[in-house]
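In: Return atomic coordinates for the entry below.
(2 chains)
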Amino acid sequence: MCDSCSSFLDRLFARGVLHATGVDGLYARGECFEKVISGLDRVISRHGAAHRAEIIRFPPGMSRALFEQSGYMNSFPQLAGSIHGFVGDERDHLALLDKIHNGETWTDRQVATDVVLTPAACYPLYPIVSKRGPVRADGLYFDVQSYCFRHEPSKDPARMQMFRMREYVCVGTPDQVMAFREQWLEKGRDFARELALPHEVNVANDPFFGRGGRVMASSQRELGLKFELLVPIESGDEPTACVSFNYHQDHFASMWGIELASGEAAHTACVGFGMERLALALFKHDGLDLDAWPSPVRAALAL
Amino acid sequence: MQLIIRQALDQYGRLSVPAASLDDAADLFGAGLASFTVVQLMLALEEKLGVEFPDRMLNRKSFSSIAAISACLTELTSEKAVA
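Out: Sure, this is the predicted structure:
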């Protein structure tokens, strides 16, 4: 296949780095892709080692009740995904099969299960933290990872519907979490330099829904609550956010009743690594043949 | 106008104090107005006055005080009267 006349995604498919599934944004990963993901995980762990963070790994689904409580639907209803299942007797089953056979809509009778798709790796963490009582004086640090879902089908390989997000999360006083985020803004740049990725760090906002979301986004930018490490992948003009640095103030802690010993609401911050985006950034800049990648990058990833 | 805004704030703003106790220049975010309640407040005011906040007004500053909201609404209702 001609490299100059096919898209980056087509070339990833042609080389078996990713495999198409028939749905935009939903791909199977090949061996070399997973090697890079494992390498990135190791580099991230090295940069985060000083936190001695508690490791928690989440399944790709979370409790629907906790998701409802999280307020995600207030801000991002357009991105959420819920899991529905069949409930019924033999007649219902036959009716279902008929509909599928005839190409009719069969999903309208499906019933919501207790599970929704995890929207961000730290969402299932806060309810766990809230059960542990007051936050200890030196703060809490977590290393979490989850497959996440965002309903935004796209031909841009860096905008997947299902992807892995690795995060370090800090829960503590405002000073502790601000210091955590400042450290990570620096470490994030070191991380990108180690991997020889062209990058910039900019203030950013989340993709809040609707016109009200515009107000929320402007507010988030004005308060400097979110920064992103951007790497050009699909476009040089609109580089892709590969790492984000988020200060939530007391948003999550107040919602979940996470308190300091003083009884005040804790503050939280997280740094989130888009694992697939980082891997794609490397494939974009270093080519599709891992053996031909620059040796410092191969060494950093222990390939 | 200020009365309409105070009523909407009491109903939708989830402030820590009654809107009547805030002067026109008081910081609404400081009084507990949150990002999401801004949306409800905005939609309620739009419905009440038959106007629509345009993109250029969809920012934190437009909702920062009763005076700021009032300035937006005065502009929008006068545009509507001219049209």
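In: Report the central residue of chain B.
Out: Centroid-nearest residue in chain B: B:Ile69, 4.1 Å away (criterion: C-alpha atoms, centre = their mean).
In: where's the residue nearest to it when sequence neighbours are not counted, which helix or strand?
Out: Of all residues not flanking B:Ile69 in the chain, B:Ile5 sits nearest, at 5.2 Å (C-beta to C-beta, 6 or more residues apart in numbering or on different chains). Bear in mind the C-beta positions are built from the backbone N, C-alpha and C, glycine included. Here B:Ile5 sits within helix B:2-12, counting by DSSP states H and E.
In: For that helix, which residues meet the burial criterion?
Out: For helix B:2-12, the neighbour count (16 or more other C-beta atoms under 10 Å in any protein chain shown) marks B:Ile5, B:Arg6, B:Ala8, B:Leu9, B:Tyr12 as buried.
In: pLDDT value on the third one, please?
Out: It stands for B:Ala8. Predicted confidence (pLDDT) for B:Ala8: 94.
In: does it really touch B:Glu47, like I thought?
Out: No - contact status for B:Ala8 versus B:Glu47: not in contact, 9.7 Å apart, counting by C-beta atoms under 8 Å.
In: Run the angle between the worst-scoring helix or strand of chain B on mean pLDDT and helix B:2-12 for me.
Out: Within chain B, no helix or strand scores below helix B:35-49, which has a mean of 89 by mean pLDDT, DSSP states H and E. Compare the direction of helix B:35-49 with that of helix B:2-12 by axes from the mean of the first three to the mean of the last three C-alpha atoms, to 10 degrees and you get 130 degrees.
In: Now tell me what touches helix B:35-49 from outside.
Out: Contact partners of helix B:35-49, identified using C-beta atoms under 8 Å, 6 or more residues apart in numbering or on different chains, comprise A:71, A:74-75, A:208, A:210-213, A:215-216, A:219-220, B:4-5, B:8-9, B:11-14, B:33, B:51-53, B:63, B:69, B:73, B:76-77.
In: Mind checking which of these land in helices?
Out: A:74-75, A:210-213, A:215-216, A:219-220, B:4-5, B:8-9, B:11-12, B:69, B:73, B:76-77 (DSSP state H).
In: mind checking how far the helix holding B:Ile5 is from the chain centre?
Out: 8 Å (C-alpha atoms, centre = their mean, to the nearest Å).
In: show me what contacts A:Tyr123?
Out: Contact analysis of A:Tyr123 by C-beta under 8 Å, 6+ apart lists A:Met62, A:Leu66, A:Phe67, A:Ser70, A:Tyr72.
In: Swap in 10 Å and give it another go.
Out: For A:Tyr123, the contact set (C-beta atoms under 10 Å, 6 or more residues apart in numbering or on different chains) comprises A:58, A:62-63, A:66-67, A:70-72, A:116, A:144, A:146, A:148, A:252.
In: repeat for B:Ala25
Out: Applying C-beta under 10 Å, 6+ apart, one finds that B:Ala25 lies in contact with B:Ser64, B:Ser65, B:Ile66, B:Ala67, B:Ala68.
In: how does it look with 8 Å?
Out: Listed by C-beta under 8 Å, 6+ apart, the contact set of B:Ala25 reads B:Ser65, B:Ile66, B:Ala67.
In: ok, the first one touching B:Leu28?
Out: Yes - with contact defined as C-beta under 8 Å, B:Ser65 and B:Leu28 form a contacting pair (5.8 Å).
In: Buried ones in stretch A:49-57, by neighbour count?
Out: For stretch A:49-57, the neighbour count (16+ other C-beta under 10 Å) marks A:His51, A:Ala53, A:Ile56 as buried.
In: what's the spacing between the second one and chain B?
Out: Separation of A:Ala53 from chain B (C-beta to the nearest C-beta, to the nearest Å): 29 Å.
In: cool, the first one as well?
Out: When distances are taken as C-beta to the nearest C-beta, A:His51 and chain B turn out to be 29 Å apart.
In: Just give me the least confident of the contacts of A:Tyr123.
Out: The lowest pLDDT within the contacts of A:Tyr123 belongs to A:Gly71, with 90.
In: Not counting residues beside it along the chain, what's closest to that residue?
Out: Distances taken as C-beta to C-beta, 6+ apart put A:Met255 closest to A:Gly71, at 6.3 Å, once the chain neighbours are dropped.
In: for the one you found, what are its contacts?
Out: By C-beta under 8 Å, 6+ apart, A:Met255 lies in contact with A:Gln69, A:Ser70, A:Gly71, A:Tyr126.
In: among those residues, which two are most distant?
Out: Using C-beta to C-beta, those reach their maximum pairwise distance at A:Gly71 and A:Tyr126, which is 10.9 Å.
In: What's the local residue count around the residue in chain B that chain A sits nearest to?
Out: Distances between chain B and chain A by C-beta to the nearest C-beta are smallest at B:Val39, namely 2.8 Å. Neighbour count for B:Val39, taken as other C-beta atoms under 10 Å in any protein chain shown: 23.
In: Which element, helix or strand, includes A:Leu230?
Out: strand A:226-231.
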